[in-house]
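**Q** pasting the sequence and the predicted model now:
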Amino acid sequence: ICCSFEHCKFTTEWLLSRTRHRPKIAVVCGSGLSLLAESVSNKQVFRYEDIPNFSVSTVPSHDGHLVFGNVKDKSCVFMQGRFHLYEGYSLCKVTFPVRIFKLMGVETIIVTNASGGLCQDFKVGDIMIIKDHINLPGFAGQHPLCGPNDERFGIRFPCMSDAYSKELRKLVLNISAELGYSNFVREGVYCMVSGPNFETIAEARMLHILGSDSVGMSTVPEVTVAKHCGLRVLGLSLITNKVSLDYSREEKVNHEEVLHISKMRAEMLQKVLNTFIARSHQVEAINSN
Ligand SMILES: O=P(O)(O)O[C@H]1O[C@H](CO)[C@@H](O)[C@H]1O
Ligand SMILES: Nc1nc2[nH]cnc2c(=O)[nH]1
């Protein structure tokens, strides 16, 4: 096993012996969203290639930095860049950092991503609060919890019907309203596909019929492992493109367009996140319930 409890413990201790930060909140920055980690104070950066047992980022705009720092007075850890199945990593490698966060004492994980909008009401640049997901690779056996279950992380058959905390979603909705962002903030179901190609029109139509509001190539394995080990989860998806459901439409999505939109909207997402983190006392109250 490449990501055993002992591997996780080793990496956790390696990091904790090199930083004084003891974060309670972890943030995974999606495509084009590295900015989310830029405004922290008391910053300490580790390159993924220097961290034992970590993988390296191979996707443009996924910087490959683990950033510790304070948002207001709250210590946080940010992944500037995540690992994807299509990069050739096993799902155990993809989700390895989540378990490190758990062992470090993190209680809440915020996963962000760029995704394509399937819901016809969504506009490019909207933020979708993820209320649920469809684990399409999981249906085909590509699941991060396949294999022997280590009870030190969690139970064999975890419940996923409440993977995305209702209370945290409500808090973000309230914050968005206060910031005047209600018009761009939605809730919806995220569907993970393995990628790396974007969807055919027939595939997009199928995902839409199945109840997906947006589609991307990440997040679900991280959330599944986070829920398995008892972390609170908030998922925020930036709609970077409209997915074509119609053969008469000419738009063709590409990664540069995805990055362009996510970089454009990263500041807005950062405001929401920073306000959310600053109110993490409310989050902690929720965690202890
Ligand atoms: O999910 P994140 O990492 O934000 O990235 C999304 O953007 C990339 C495609 O442009 C894919 O990796 C997709 O999953
Ligand atoms: N699969 C998929 N991933 C994305 N990431 C950003 N946009 C998209 C999209 O349209 N489809």
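**A** Alright, I've got the coordinates. Numbering: from 1, shown residues only. Ligands and ions are numbered 1, 2, ... in the order given.
**Q** only C-alpha atoms from now on, for both contacts and neighbour counts.
**A** Noted.
**Q** quickly find the element holding the closest residue to His228 other than its chain neighbours.
**A** Spatial nearest neighbour of His228, chain neighbours left out: Gly154 (5.2 Å); criterion: CA to CA, 6 or more residues apart in numbering. Taking DSSP states H and E as the definition, one finds Gly154 inside no helix or strand.
**Q** does Gly154 touch Thr224 like I think?
**A** No: here Gly154 does not reach Thr224: they are 11.1 Å apart, not a contact under CA atoms under 8 Å.
**Q** residue closest to the middle of the chain?
**A** Val111 (2.3 Å; CA atoms, centre = their mean).
**Q** am I right that that one sits in a strand?
**A** Yes: applying DSSP: H, G, I helix; E, B strand; the rest coil, one finds Val111 inside a strand.
**Q** any idea how far it lies from ligand 1?
**A** According to CA to the nearest ligand atom, to the nearest Å, Val111 and ligand 1 sit 9 Å apart.
**Q** need the residues of the stretch 101-250 of the chain near ligand 2, please.
**A** 114-116, 193, 195, 198-199, 215-217, 240-241, 243 (CA under 6 Å from any ligand atom).
**Q** quick check, nearest of those to Phe78?
**A** Ala114 (16.4 Å; CA to CA).
**Q** which helices and strands does the helix or strand containing the closest one pack with?
**A** Element membership for Ala114 (DSSP H and E) is strand 108-117. Strand 108-117 sits against strand 25-29, strand 214-216, strand 232-242, with contacts defined as 3 or more CA pairs under 8 Å, 6 or more residues apart in numbering; DSSP states H and E.
**Q** who touches the following helix or strand past the longest one?
**A** Same thing as strand 232-242. Next helix or strand after strand 232-242 toward the C-terminus (DSSP H and E): helix 255-278. Residues outside helix 255-278 that contact it (CA atoms under 8 Å, 6 or more residues apart in numbering): 25, 31-33, 35-36, 61, 71-74, 114, 124-125, 127, 171-172, 175-176, 179, 238, 240-241.
**Q** okay, the residue of the chain most remote from its centre: pLDDT?
**A** Distance from the C-alpha centroid of the chain peaks at Ser248, with 33.0 Å (CA atoms, centre = their mean). On the pLDDT scale, Ser248 is placed at 88.
**Q** again, but for Tyr181
**A** 95.
**Q** what's around it, how many residues?
**A** 17 (other CA atoms under 10 Å).
**Q** got phi/psi on it?
**A** phi -100, psi 10 (degrees, to the nearest 10).
**Q** look up how far Ile239 lies from it.
**A** 15 Å (CA to CA, to the nearest Å).
**Q** could you do His143 as well?
**A** 25 Å.
**Q** and for Leu173?
**A** On the measure of CA to CA, Leu173 and Ile239 end up 17 Å apart.
**Q** the two: which is more packed in?
**A** Ile239 (29 against 19).
**Q** list the contacts of the more buried one.
**A** Ile239 touches Ala114, Ser115, Gly116, Gly117, Phe122, Lys123, Val124, Gly125, Asp126, Ile127, Met128, Ser214, counting by CA under 8 Å, 6+ apart.
**Q** same question for Thr12.
**A** Here Thr12 is in contact with Ile100, Phe101, Leu103, Met104 (criterion: CA under 8 Å, 6+ apart).
**Q** rerun at 10 Å
**A** Glu6, Ile51, Pro52, Pro97, Arg99, Ile100, Phe101, Lys102, Leu103, Met104, Gly105 (CA atoms under 10 Å, 6 or more residues apart in numbering).
**Q** who in the stretch 1-150 of the chain is up against ligand 1?
**A** Gly30, Ser31, Asn113, Ala114, Ser115.
**Q** you'd agree the last one is up against Ser212?
**A** In this case it means Ser115. No: Ser115 is beyond contact range of Ser212, at 11.3 Å (criterion: CA atoms under 10 Å).
**Q** joint contacts of the two?
**A** Tyr190, Cys191, Met192.
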